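Enquirer: sequence-free structure coming up:
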């Protein structure tokens with residue numbers, strides 16, 4: 001992959017990375033509820049999922065999913081339902097009583113659970129499959145070995161995804177002051193839950 005082509009790929013890919021998609025909304029919510037460190041830990045799940053999808057694409061299996069209506073539909077519905085489930089749980093979650101001495105405390109969460117959430121949302125997102133099967137090939141050079149090109153684009157995409165993860169996690173952390181009261185927690189839980197449910201609905205209805 002030439003330097004000129006890579007310089008074209010980077011800004012185009014980063015534009016996709018920073019879109020307010022399901023994983024970015026989840027990272028923002030995690031930063032809000034659990035703090036920056038947990039949000040970043042959770043991001044390991046999405047990075048693992050995207051790495052798997054890139055590998056599948058590079059070996060040709062991603063192309064099968066992108067052309068199979070049934071597989072694509074089932075994957076899309078699974079991801080949409082999971083997002084709605086997460087949003088519903090968040091909407092129904094009860095705010096915790098706070099005090100002057102505890103208003104800066106962040107909620108506790110299992111690192112394994114938060115990583116699993118990010119992984120499942122990413123691995124079942126058909127938009128990610130389309131990015132790797134439709135967007136990446138636009139930058140491939142036909143008479144050059146495919147695997148090295150996919151390796152460069154894939155590693156670049158993962159680095160850019162880490163930057164997007166940090167941006168959204170920090171953004172969520174900056175909103176933590178809104179959860180210092182029970183009323184604030186309820187508003188943010190329902191707002192975040194609605195965003196996740198909306199993301200799931202849009203994912204299910206997308207073509």
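Expert: Sure, I can see it. What you see is a predicted model; the values in this text were computed from it and never measured. Residues are numbered from 1 along each chain as shown.
Enquirer: next, name the residue at the spatial heart of this protein.
Expert: What sits nearest the mean C-alpha location of the chain, by C-alpha atoms, centre = their mean, is residue 23, with 1.9 Å.
Enquirer: my read: that one touches residue 46, true?
Expert: Yes - shown here, residue 23 and residue 46 form a contact pair, counting by C-beta atoms under 8 Å, at 4.8 Å. No exception for glycine: its C-beta is placed from N, CA and C like everyone else's.
Enquirer: what is in contact with the two at once?
Expert: Taking C-beta atoms under 8 Å, 6 or more residues apart in numbering as the criterion, residue 23 and residue 46 both touch 118, 121-122, 165.
Enquirer: the residues you listed in helices, which ones?
Expert: Judged by DSSP state H, the subset of the shared contacts of residue 23 and residue 46 located in helices is 118, 121-122, 165.
Enquirer: which one (most neighbours) among those?
Expert: In terms of neighbours by other C-beta atoms under 10 Å, these top out with residue 121 at 28 neighbours.
Enquirer: counting neighbours, what do you get for the residue lying closest to that one once chain neighbours are set aside?
Expert: The shortest distance from residue 121 to any non-neighbouring residue, by C-beta to C-beta, 6 or more residues apart in numbering, is to residue 22 (5.1 Å). As a burial measure, residue 22 scores 26 neighbours (other C-beta under 10 Å).
Enquirer: do you know how far residue 22 is from residue 150?
Expert: Going from residue 22 to residue 150 by C-beta to C-beta, to the nearest Å gives 24 Å.
Enquirer: residue 43 too?
Expert: Applying C-beta to C-beta, one obtains 22 Å for the distance of residue 43 from residue 150.
Enquirer: before we move on, what about residue 70?
Expert: 26 Å.
Enquirer: higher neighbour count, these two?
Expert: residue 150 (21 against 7).
Enquirer: list the buried residues of the helix or strand the more buried one falls within.
Expert: If you go by DSSP states H and E, residue 150 is part of helix 146-174. For helix 146-174, a neighbour-count test (16 or more other C-beta atoms under 10 Å) marks 149-150, 153-154, 156-158, 160-161, 164-166, 168-169, 172-173 as buried.
Enquirer: picking up where we left off before, ok, the residue nearest to the centre of the chain - contacts?
Expert: By C-beta under 8 Å, 6+ apart, the residues touching residue 23 are 46, 118, 121-122, 125, 165.
Enquirer: show me which helix or strand of this protein is least confident by mean pLDDT.
Expert: helix 61-67 (a mean of 62; mean pLDDT, DSSP states H and E).
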